[in-house]
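Colleague: how would this look folded up:
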Amino acid sequence: MYSKLWYLAIFIILFINTNLVTETNGAKKTEFIQRELDIDKSDTPKNILVGSILGGVSHLNPILEICKILVDRGYNVTLLAPGNFTATSTLYRSIPQIIIDNFACFDLAWKLKKPVVGYTSGTTYFTPPPPIRSDPIMGRGCHVSMENESFYNRFICAVVQPLRAIWTFQDSLNNINAIRAEVGVSKDHDFRGRTDTLFLLDNFFGFEVPTAWPPLHQEIGPILPDIFPNLSSDLDLFLSTHPRTMYIALGSCIFTTPENYATILQSALELIHQNILDGVIWATVKFNESELPTTFNLSNGNIIPTSNLINNLHPHIYIMKYAPQFAILSHENTKVFLSHGGVGSSHESMYTATPMLVLPIVFDQPGNAERLELTGMALKLSKFDLKVDDIISKVERLLNEESFKTNAKRMQVLAKFNSKRKYRGADLIEIMLNWAKYDGNKNENGELEVDIQTLLRSWITPDSRMGFIRGNYLDVFGAALIITLVLFISLGYGFYKVVLFAFRKWSLRSRESHQRLSKAKNE
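Modeller: Numbering: from 1, shown residues only. This is a model prediction of the structure:
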């Protein structure tokens with residue numbers, strides 16, 4: 001009987017669902033409407049100026065990837081940056097560039113009352129980190145996660161180093177504020193600049209240490225192009241015939257010492273000689289061959305002329321100035337990536353699930369190296385103490401310990417899902433432009449002007465307007481503490497009075513009883 005009722009219930013549900021489509025004059029009519037996604041952009045500002053103080057590929061590619069999306073949506077984008085970048089770029093040649101060496105800043109946008117959006121790959125540059133997070137940039141003993149650090153290190157990194165940074169940048173801040181005063185821009189107390197604006201962060205939790213961001217700071221990383229340059233026929237042949245290849249690239253803007261380059265090349269030769277690897281590809285970029293020793297002596301006594309390596313006469317080493325990095329990392333025979341730990345290289349390595357050996361040199365690279373090591377897919381090297389034996393032992397670990405490959409696959413999942421968020425970055429910029437037409441005013445030239453604080457009111461948390469005491473509810477918590485203390489003191493005092501009263505009553509009765517006993521004995 002119960003089974004019949006169950007089938008009847010299913011039949012009724014199916015009957016109700018199928019009747020969502022009804023017959024009208026012999027034609028079917030669907031009782032749904034399509035959700036409208038388009039926004040009227042007829043009077044939305046269309047011109048976007050992108051400013052950058054750096055011209056390197058790693059720093060410009062992510063933001064230009066968002067710009068390319070905006071161009072496809074009908075916006076006019078112009079790049080303002082040093083170096084003739086877009087003219088030599090394969091992917092972003094359609095974006096015009098004005099070559100300039102001046103530093104870009106938010107003050108110009110504030111002065112001209114234009115909507116402004118910031119972009120960064122490192123959180124240290126736009127927001128003070130919470131105490132549990134730090135950065136090696138802050139000083140020795142400071143790490144991206146302070147979870148397991150000693151009290152001393154936590155005190156130094158949370159209190160001493162920030163004060164030292166403020167002191168270090170004080171002169172620069174005074175100079176910048178003097179320039180601001182000359183052009184009629186209000187002073188700012190933060191040496192990082194005007195950070196109370198919308199910032200797009202080319203990063204993601206899993207790689208970045210988790211923390212709570214304010215609404216003004218939006219994660220949209222990792223930002224990667226949809227297409228990359230492919231392997232040349234020579235590279236394809238080399239990789240296909242070398243199933244255990246290590247790829248080496250130490251960035252396009254940064255270089256290390258000639259001694260470190262020589263150590264890396266010596267390590268590559270030894271790894272091949274010991275049959276740990278059978279191939280090495282090195283994209284040198286900033287490499288200066290004249291600073292290398294003329295020969296390399298292997299542990300077995302063989303002598304390899306450096307000219308043979310530079311001219312690709314060695315059968316297992318392939319050296320080139322520029323390489324299609326993503327295509328190399330994507331190849332199944334690339335087993336290890338020796339990198340400087342730049343954010344672009346880190347993202348590409350995670351996306352392709354390639355274990356990394358990281359030699360951080362400067363800027364955000366030490367922090368990225370720590371983050372990569374925390375993910376379990378990488379090991380670090382020291383630029384101050386780079387040794388052949390250390391490189392060899394760590395490459396062996398990366399090749400043989402399964403955990404590095406497993407964790408690289410785990411990071412690949414995060415990187416691939418989060419890589420879709422570059423469209424969210426373009427959306428956020430469009431939101432700013434569309435808000436501007438509602439919150440702005442036209443000047444005498446018919447140009448739209450906005451107050452950025454008003455424009456961002458939906459994303460600025462109220463505590464920033466309430467002041468330090470009210471914003472952190474110190475007045476409320478202080479009052480609660482005082483009330484609690486008064487209650488405890490009052491209760492304590494009342495209890496003391498009750499106990500004192502009871503003691504006096506007991507003492508009085510005891511004396512009276514004692515006196516009666518004494519009197520009875522005397523009688």
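Colleague: which stretches of the stretch 351-500 of the chain have low pLDDT?
Modeller: Low-confidence segments of the stretch 351-500 of the chain (pLDDT under 70): none present.
Colleague: nope, the chain is what I meant
Modeller: 1-30, 54-57, 87, 101-104, 123-129, 138-139, 191-195, 286, 521-523.
Colleague: ok, which stretches of the stretch 201-350 of the chain are strands?
Modeller: 217-219, 245-249, 279-283, 295-297, 303-305, 317-320, 334-339 (DSSP state E, counting those that start in this stretch).
Colleague: so which of those strands is nearest F417?
Modeller: Go through those one by one with Cβ to Cβ and the one that ends up closest to F417 is strand 217-219, at 12.3 Å. Heads up, the C-betas are built off the backbone N, CA and C, glycines and all.
Colleague: buried ones in the closest one, by neighbour count?
Modeller: By neighbour count on 16 or more other Cβ atoms under 10 Å, the buried set for strand 217-219 is 217-219.
Colleague: between those residues, which is closest to K409?
Modeller: E219 (21.8 Å).
Colleague: residues contacting that closest one?
Modeller: 201, 203-205, 208, 213, 418, 421 (Cβ atoms under 8 Å, 6 or more residues apart in numbering).
Colleague: now the buried members of these.
Modeller: Buried among the contacts of E219 (16+ other Cβ under 10 Å): 201, 203-204, 208, 418, 421.
Colleague: which of those lies closest to L456?
Modeller: L456 has its nearest neighbour among the buried ones among the contacts of E219 in L201, at 16.1 Å by Cβ to Cβ.
Colleague: circling back: looking at the buried ones among the contacts of E219, which are in helices?
Modeller: Of the buried ones among the contacts of E219, the ones assigned to helices by DSSP state H are N418.
Colleague: V160 versus the closest residue to V362 other than its chain neighbours, what's the distance?
Modeller: Leaving aside its sequence neighbours, V362 sits nearest to I254 (Cβ to Cβ, 6 or more residues apart in numbering; 5.9 Å). To V160, I254 is 28 Å away according to Cβ to Cβ, to the nearest Å.
Colleague: neighbour count winner among those two?
Modeller: I254 (17 against 13; other Cβ atoms under 10 Å).
Colleague: pretty sure the more buried one contacts D364?
Modeller: No - here I254 does not reach D364: they are 10.8 Å apart, not a contact under Cβ atoms under 8 Å.
Colleague: shared neighbours of those two, anything?
Modeller: In contact with both I254 and D364: G342, using Cβ under 8 Å, 6+ apart.
Colleague: what about stretch 161-178, how long is it end to end?
Modeller: Stretch 161-178 has an end-to-end distance of 26 Å (Cα to Cα, to the nearest Å).
Colleague: and the closest residue to N302 other than its chain neighbours, what is it in contact with?
Modeller: Nearest residue to N302, sequence neighbours excluded (Cβ to Cβ, 6+ apart): H273, at 7.6 Å. H273 sits next to 298-300, 302 when contact means Cβ under 8 Å, 6+ apart.
Colleague: before we move on, the earlier item: for the residue nearest to V362, give its distance to L79.
Modeller: To L79, I254 is 22 Å away according to Cβ to Cβ.
Colleague: check A249 too.
Modeller: 24 Å.
Colleague: with F337 instead?
Modeller: Applying Cβ to Cβ to F337 and L79 gives a distance of 29 Å.
Colleague: just L433 next, same as before
Modeller: Where L79 is concerned, L433 sits at a distance of 18 Å (Cβ to Cβ).
Colleague: compare the two (neighbour count), which wins?
Modeller: L79 (24 against 19).
Colleague: and the more buried one, what element?
Modeller: For L79, the host element (DSSP states H and E) is strand 76-81.
Colleague: per-domain residue ranges of the protein.
Modeller: As recorded under automatic domain parsing, the domains making up the chain are 48-224+426-468, 233-400.
Colleague: please work out which of those domains is packed deepest.
Modeller: With neighbours taken as mean count of other Cβ atoms under 10 Å, the domains of the chain reach their highest mean count in domain 233-400, at a mean of 19.
Colleague: how long is that domain from one end to the other?
Modeller: Start-to-end, domain 233-400 (Cα to Cα) is 30 Å.
Colleague: and D234, which of the strands of the stretch 201-350 of the chain is closest to it?
Modeller: strand 317-320 (7.8 Å).
Colleague: separation between the residue nearest to N302 and P355?
Modeller: Distance from H273 to P355, by Cβ to Cβ: 22 Å.
Colleague: may I see the domains of the chain arranged in a markdown table, with distance to S510 as well?
Modeller: Shown next, in a markdown table, are those (distance: least, Cβ to Cβ, whole Å):
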| stretch | distance to S510 |
| --- | --- |
| domain 48-224+426-468 | 54 |
| domain 233-400 | 71 |
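Colleague: tabulate the buried ones among the contacts of E219 (CSV), appending distance to K111.
Modeller: Converted to CSV, these look like this (distance: Cβ to Cβ, whole Å):
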residue, distance to K111
L201, 25
N203, 30
F204, 34
E208, 32
N418, 35
R421, 31
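Colleague: name the nearest residue to the residue nearest the centre of the chain, sequence neighbours excluded.
Modeller: For the chain, N203 is the residue whose C-alpha lies nearest the centre (Cα atoms, centre = their mean; 3.3 Å). Nearest residue to N203, sequence neighbours excluded (Cβ to Cβ, 6+ apart): G221, at 4.4 Å.
Colleague: same thing with D475?
Modeller: I469 (5.5 Å).
Colleague: quick check: which element contains that neighbour?
Modeller: Counting by DSSP H and E, I469 is found in helix 463-471.
Colleague: from the middle of its chain, how far away would that helix be?
Modeller: 27 Å (Cα atoms, centre = their mean, to the nearest Å).
Colleague: got the CA coordinates for it in PDB?
Modeller: Extracted C-alpha coordinates of helix 463-471, given in PDB (Å, rounded to 0.1, in the frame of the first residue of the first chain):
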ATOM      1  CA  ASP A 463      34.500  51.800  10.800                       C
ATOM      2  CA  SER A 464      36.800  53.900   8.600                       C
ATOM      3  CA  ARG A 465      34.400  56.900   9.000                       C
ATOM      4  CA  MET A 466      33.800  56.300  12.700                       C
ATOM      5  CA  GLY A 467      37.300  57.000  13.900                       C
ATOM      6  CA  PHE A 468      39.600  54.600  15.700                       C
ATOM      7  CA  ILE A 469      37.800  54.400  19.000                       C
ATOM      8  CA  ARG A 470      34.200  54.200  17.700                       C
ATOM      9  CA  GLY A 471      35.200  52.200  14.700                       C
END
